[in-house]
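Trainee: I'll drop the sequence and a predicted model, then ask my questions.
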Amino acid sequence: MTGLSLNLRGNFLFFAGSRVFSALILKRPNKQASSTAQQAGRTVISYLFFIAAGMGLMLLLQFLFWPGHGALSPRALPATARAGEPAAATKTSPWGQIEYMPIALDRPEAHFNQDLGHGERPVWIFRNHTEQQLTALLAALDLNGVARAQLGNRAHWEMLPDGIRLSPAPEVVLGLSTATRQRLYGLLGANPENVPQAMPFRFRRGGFDEWFADCGLPATKRDLARSLTYTQENSLCFADAATFSQVSTPEETKCLIKSLWRVPTFVMQLHLDAKTDRDALLKYWGALGPAHTYKPLLESMARVPDGSSLNIADLLPPFARLRLYTYPAPRDPKLRHQDCFWTAMNFFNPVPDDGFFNPEQTQRALREDYLRVRDGSKQFGDVLLLVGRDHQALHMCVHIADEVVFTKNGANPQQPWVLMKLPEMLDEYAPSRPYEIQVYRRKTPPPLSAVPQLSAVAGAL
């Protein structure tokens, strides 16, 4: 056994070698004591040959099947390759190891005190389409018999100076396949007049169950809502609230609207343990403030057995920390001016500067207080400006880490301050393409009062 055990380090290969050796013993010829020297020599050579063959076989097995190293050994997929899981930061990421907990943020009940009733019949406007062009478009769509007959009947067409308006019946909208709905609504959404398709309700792709969790809808109406969804890149979309209301009760419609108005976001946490590079974390999160402010808390949490997690909100400046996951106060006279630009420019301000209601002040601040970053890098606190056609400023948000931004998507009081992945946030502005993302970085650190102090952070835990 000694000769066959050379370089063996695993039970599997040791077992395989033992089986080979046992087989050799069983097959060994039974020679008489009176055998000639020549026969004995042939036997020795045979033994040596079989021993060498056994060793070669074990080396081959080791090469092919050694756990974790062999050419054919199964290997575990990295965590980032597992479908359906948020991508965690690698150990070398400057911001540390990030954990995500997706949530669907409800809107305040006060936003739904109006009588929704039954919606009006939906309207589709095909701008810059002649009768022949619309006929060809409908013919190219995969429509059922009812839809093709109703939409193709020109008696239902309203001719406009530069287009055609249709008002589809509920059975037409309900009968569209997912693929047809996606294609047709993509075309309709290119025209801002088709508001439901141009600005559909959006949620993270594949998140229907999360979107409609505990929504109060009966199973049949929940299935109906699911059948009316379609996808656009990273988003799951819904544009048929009017049709849903035509075949549902007012209470069911209210349940639908409350679910549709949920905002996709997540709780973002920084995992800390004994292996955490605290100096790297302090360099990233404290780049625009006194890093020593965070040091005692981070070192204390890293010593917790099996590690611990710190909510990223605790590392945000007071302006952002106090507003995250909230909606503007409904009685605030300035709420309709608190848009994305005001939000981003006040990120580090201890007291919000309402001068940023004025676009000219925002432009002046970007010129005087910020530097344009052109190397593609992003740091904590960088301002991201989305610029569309003719240099139009479309949106502004603040980079946090791992392609996550702090954003308020519009001045609408029904839009909260949330964290979003940058690709998902950009989906909100898909109709405004092409656009450019410009990155701006502060020239100097923010005032000390804008940086979370240790006492404030510890009190929030």
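Mentor: Structure's in. What do you need?
Trainee: so where's the stretch 251-400 of the chain shaky on pLDDT?
Mentor: 289-292 (pLDDT under 70).
Trainee: so where do the helices sit in it?
Mentor: For the stretch 251-400 of the chain, applying DSSP state H, counting those that start in this stretch gives helices covering 278-285, 295-302, 318-323, 340-345, 359-369.
Trainee: which positions within the third one qualify as buried?
Mentor: It stands for helix 318-323. 318-321, 323 (16 or more other C-beta atoms under 10 Å). (C-beta placed from N, C-alpha, C; glycine too.)
Trainee: if we can go back for a sec, and the helices of the stretch 251-400 of the chain, which is most packed in?
Mentor: helix 340-345 (a mean of 23; mean count of other C-beta atoms under 10 Å).
Trainee: by contact count, what packs against that helix?
Mentor: On a contact count with 3 or more C-beta pairs under 8 Å, 6 or more residues apart in numbering; DSSP states H and E, helix 340-345 meets helix 359-369, strand 383-387, strand 393-401, strand 404-408.
Trainee: go again with 10 Å.
Mentor: helix 318-323, helix 359-369, strand 383-387, strand 393-401, strand 404-408 (3 or more C-beta pairs under 10 Å, 6 or more residues apart in numbering; DSSP states H and E).
Trainee: follow-up on the earlier one: which two in the buried residues of helix 318-323 are spaced the farthest apart?
Mentor: The most widely separated members of those, counting by C-beta to C-beta, are 318 and 323 (9.3 Å).
Trainee: verify the stated contact: residue 422 with residue 378.
Mentor: Yes: using C-beta atoms under 10 Å, residue 422 is in contact with residue 378, at 9.0 Å.
Trainee: common neighbours of these two, please.
Mentor: 384, 399-400, 402-403, 405, 437 (C-beta atoms under 10 Å, 6 or more residues apart in numbering).
Trainee: between those, which has the most around it?
Mentor: Compared across the shared contacts of residue 422 and residue 378, residue 400 has the highest neighbour count, 27 neighbours, by other C-beta atoms under 10 Å.
Trainee: please report how far the nearest residue to residue 347 once chain neighbours are set aside lies from residue 229.
Mentor: With sequence-adjacent residues excluded and distances taken as C-beta to C-beta, 6 or more residues apart in numbering, residue 347 is closest to residue 398, at 4.8 Å. Separation of residue 398 from residue 229 (C-beta to C-beta, to the nearest Å) stands at 31 Å.
Trainee: do residue 299 as well
Mentor: Relative to residue 229, and taking C-beta to C-beta, residue 299 is found at 47 Å.
Trainee: do residue 279 as well
Mentor: When residue 279 is compared with residue 229 (using C-beta to C-beta), they lie 47 Å apart.
Trainee: residue 362 is in contact with residue 368, isn't it?
Mentor: No: assessed by C-beta under 10 Å, residue 362 is found out of contact with residue 368, at 11.2 Å.
Trainee: was I right to think residue 180 contacts residue 143?
Mentor: Yes: shown here, residue 180 and residue 143 form a contact pair, counting by C-beta under 10 Å, at 6.7 Å.
Trainee: tell me which of these two has more neighbours.
Mentor: Between residue 180 and residue 143, counted using other C-beta under 10 Å, residue 143 has the larger neighbour count: 20 against 16.
Trainee: how about the contacts made by that one?
Mentor: Here residue 143 is in contact with 149-152, 172, 175-177, 180, 184 (C-beta under 10 Å, 6+ apart).
Trainee: what does it show for phi and psi?
Mentor: phi -110, psi 150 (degrees, to the nearest 10).
Trainee: quick one: it from residue 183, how far?
Mentor: 11 Å.
Trainee: what do those two both touch?
Mentor: What both residue 143 and residue 183 touch, as defined by C-beta under 10 Å, 6+ apart, is the set 176-177.
Trainee: can you give me the buried ones in stretch 137-148?
Mentor: Under 16+ other C-beta under 10 Å, the buried positions of stretch 137-148 are 138, 141, 143, 147-148.
Trainee: measure that stretch end to end?
Mentor: 11 Å (C-alpha to C-alpha, to the nearest Å).
Trainee: just stretch 385-397 next, same as before
Mentor: 7 Å.
Trainee: shaky segments in the stretch 101-250 of the chain?
Mentor: 112-119.
Trainee: please enumerate the helices of it.
Mentor: 131-140, 145-152, 170-174, 178-189, 195-198, 208-211, 219-227, 241-246, 250-260.
Trainee: distance check, residue 288 against residue 380.
Mentor: Taking C-beta to C-beta, one finds residue 288 at 7 Å from residue 380.
Trainee: what do you get for residue 267?
Mentor: For residue 267, the distance to residue 380 - C-beta to C-beta - is 18 Å.
Trainee: ok, now residue 161?
Mentor: Counting by C-beta to C-beta, the gap from residue 161 to residue 380 is 52 Å.
Trainee: have a look at these two and say which one is more surrounded.
Mentor: Under the criterion of other C-beta under 10 Å, the comparison of residue 161 against residue 380 puts residue 380 first, with 18 against 4.
Trainee: could the buried residues of stretch 137-148 go into JSON lines alongside distance to residue 429?
Mentor: JSON lines is the format used below for those (distance: C-beta to C-beta, whole Å):
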{"residue": "138", "distance to residue 429": "30"}
{"residue": "141", "distance to residue 429": "27"}
{"residue": "143", "distance to residue 429": "31"}
{"residue": "147", "distance to residue 429": "31"}
{"residue": "148", "distance to residue 429": "34"}
